[in-house]
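Colleague: Starting from these lines, generate the structure:
(one chain, ligands or ions: 1)
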Amino acid sequence: MRIDKAEVIVTSPDRNFVTLKLTTADGLTGLGDATLNGREMAVVAYLSEHVVPLLLGRDARRIEDTWQFLYRSAYWRRGPVTMAAIAAVDMALWDIKGKAAGMPVYELLGGASRNGLLAYGHASGRDNEELFDSVREHQAQGYRAIRIQSAVPGLKSIYGIASNATYEENSGVRYDHEPAQRGGLPNEEDWDTRSYLRHIPTVFEAVRNEFGPEVPLLHDGHHRMTPIQAAQLGKSLEPYDLFWLEDCTPAENQEALRLVRQHTTTPLAIGEIFNTVWDYQQIVREQLIDYVRSAVTHTGGITHLKKVLDYASQYQIKSGMHGPTDISPVGMAAAMHLGLSIHNFGIQEYMKHGEKTDAVFEQSYTWNDGFLHPGDKPGLGVELDVDEAGNYPYIRAYLPYNRLADGTVHDW
Ligand SMILES: [Mg+2]
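Modeller: Coordinates of the predicted model:
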């Protein structure tokens, strides 16, 4: 069970993915997702230059010890690059342990706590008619819970809209919202919070009128509001019974959530850009959120995110793991094994990958009537076709950024 080989594989089938592949002396392999959207090559360098030499010869069975060694021995802790690199090692070691045991990873984590994972998809539109079509398309694909994002009159291009003009110009396809644009420099989008705050409640009113009270609806504020603006939005959305309002304020300021919480009963989800349990210390202890948005890929892997979710479970705070297309199928599988096993699972974000990605990553997880399941193959249940991956070399890609009408850079 000594680690004999550690390879960092970069491939760009529909977008960039970074995968760590570990091979043991007895021939077992494990995969880990290290994809950090828009800064992929920083993690590649971190892994190749600094982590791979530490892994060769180590005992692949010692997952916790390896995690602590990589985290503490670096001295410079935390941050998305470090934690994505550690996450990839951690996932690959769980994959190997599952294969060695002949069990899916969720069995090693305590076994299934449910039959499947409720997942939500992303509906969006430039106007209500296009949004309703998108909701119907998602329902036809089996989605039972749906995130609602809408364009705002007067703004030309904003987050979360699959049919943004810039998106169509760059890719020519609409399979889902994919904000990172390959080749070239970051797209500039525009923003006006007051217009957004006026418009979004009218969108939710229209969606509830069209689709009724039952369907769980979610919305992502994408870090753009001040605390009092977020409080105002949460309050104005209360009649429409949201499953959650996500990232209503920039997440670094944990105290901001106190003010939001004092003013609204709309459930709050936060943390897709958090990396460690310490990022959640105050907001969990003070019960300022309802859902933890971290991805296995960006939060130090299964080992560390399980600690975050166990801590949150004391306060009835549930999981809502990040799962857009920049989480690779390996990272998605890891999320599903963890989500199936923990008691405080809430919901899983799930955007289907493109056909090219599915050909590179052979998956055994399933999508059935709105529920995901990681499958029962030993380990994580995902294999990488290295030859197919080699057909798609890395292409630099940037996420967009925002400017206000007067030219000020705003949170994207
Ligand atoms: Mg989000």
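
Colleague: Worst mean pLDDT across the helices and strands of this structure, which element?
Modeller: One helix or strand of the chain scores below all others by mean pLDDT, DSSP states H and E: helix 165-171, with a mean of 46.

Colleague: for the record, mean pLDDT for the helix or strand following that helix?
Modeller: Sequence-wise, the next helix or strand downstream of helix 165-171 (DSSP states H and E) is strand 181-182. Taken as a whole, strand 181-182 has an average pLDDT of 84.

Colleague: Going by neighbour count, list what's buried in the next helix or strand after strand 181-182.
Modeller: For strand 181-182, the following helix or strand on the C-terminal side (DSSP H and E) is strand 188-190. Across strand 188-190, burial judged by 16 or more other Cβ atoms under 10 Å covers Glu189. Bear in mind the C-beta positions are built from the backbone N, C-alpha and C, glycine included.

Colleague: Adjacent strands (with direction) for strand 188-190?
Modeller: Its sheet considered, strand 188-190 pairs with strand 401-403 (parallel) by DSSP bridges.

Colleague: Tell me the pLDDT of Ala162.
Modeller: 79.

Colleague: Is it in a helix, a strand, or coil?
Modeller: Three-state assignment for Ala162 (DSSP: H, G, I helix; E, B strand; the rest coil): coil.

Colleague: Please look at it and Ser134 and confirm they touch.
Modeller: Yes: contact criterion Cβ atoms under 8 Å: Ala162 and Ser134 qualify, at 7.1 Å.

Colleague: shared neighbours of those two, anything?
Modeller: Ser124 (Cβ atoms under 8 Å, 6 or more residues apart in numbering).

Colleague: which one of those two has more residues nearby?
Modeller: The residue with more neighbours, out of Ala162 and Ser134, is Ser134; 25 against 21, by other Cβ atoms under 10 Å.

Colleague: Quick check: the gap between that one and Gly110.
Modeller: With distances taken as Cβ to Cβ, to the nearest Å, Ser134 is found 37 Å from Gly110.

Colleague: residue boundaries of the strands in the stretch 301-412 of the chain?
Modeller: 318-319, 348-349, 361-363, 366-368, 371-373, 382-384, 397-398, 401-403, 409-410 (DSSP state E, counting those that start in this stretch).

Colleague: of all those strands, which lies closest to the ion?
Modeller: Of all these, strand 348-349 sits nearest to the ion, with 7.9 Å by Cβ to the ion.

Colleague: Return the list of strands paired to that closest one, each annotated with direction.
Modeller: In its sheet, and by DSSP bridges, strand 348-349 pairs with strand 117-125 (parallel).

Colleague: Are the strand it pairs with and the ion in contact anywhere?
Modeller: No: if you take Cβ under 5 Å from the ion as the test, strand 117-125 misses the ion, and the best it gets is 9.7 Å.

Colleague: which element follows that strand toward the C-terminus?
Modeller: helix 128-140.

Colleague: Output the contacting helices and strands for that next one.
Modeller: strand 117-125, strand 145-150, helix 193-211 (3 or more Cβ pairs under 8 Å, 6 or more residues apart in numbering; DSSP states H and E).

Colleague: tell me the angle of that helix relative to strand 117-125?
Modeller: Per axes from the mean of the first three to the mean of the last three Cα atoms, to 10 degrees, the angle that helix 128-140 makes with strand 117-125 is 160 degrees.

Colleague: who touches helix 128-140?
Modeller: By Cβ under 8 Å, 6+ apart, helix 128-140 touches 121-125, 146, 148, 150, 162-163, 203, 206-207, 210-211, 215.

Colleague: Give the buried residues for stretch 327-344.
Modeller: So, applying 16+ other Cβ under 10 Å, buried residues of stretch 327-344: 327-342, 344.

Colleague: go on, stretch 141-161?
Modeller: Neighbour counts using 16+ other Cβ under 10 Å place 143-152, 155, 157-161 of stretch 141-161 among the buried residues.

Colleague: What of stretch 53-68?
Modeller: Quick answer for stretch 53-68 (16+ other Cβ under 10 Å): 54-55, 58, 60, 63, 66-67.

Colleague: Dead centre of this protein: give me the residue that sits there.
Modeller: In the chain, the centroid-proximal residue (Cα atoms, centre = their mean) is His322; its distance is 2.4 Å.

Colleague: What is the burial count for Asp241?
Modeller: Quick note: Asp241 (other Cβ under 10 Å) scores 16 neighbours.

Colleague: Which residue is the nearest non-sequential neighbour of it?
Modeller: Pro213 (6.8 Å; Cβ to Cβ, 6 or more residues apart in numbering).

Colleague: ok but Ala6 is inside a strand, no?
Modeller: Yes: assignment of Ala6 by three-state DSSP places it within a strand.

Colleague: heads up, I number from 43, so please use that
Modeller: Sure thing, new numbering starts at 43, so read that last one as Ala48.

Colleague: one step back: so which of the helices and strands packed on helix 170-182 gets nearest Met267?
Modeller: helix 235-253 (6.1 Å; Cβ to Cβ).

Colleague: Show me what from this structure comes close to the ion.
Modeller: So the chain meets the ion at 262, 314 (Cβ under 5 Å from the ion).

Colleague: My guess is Lys63 contacts Ile51. True?
Modeller: Yes: assessed by Cβ under 8 Å, Lys63 is found in contact with Ile51 at 6.0 Å.
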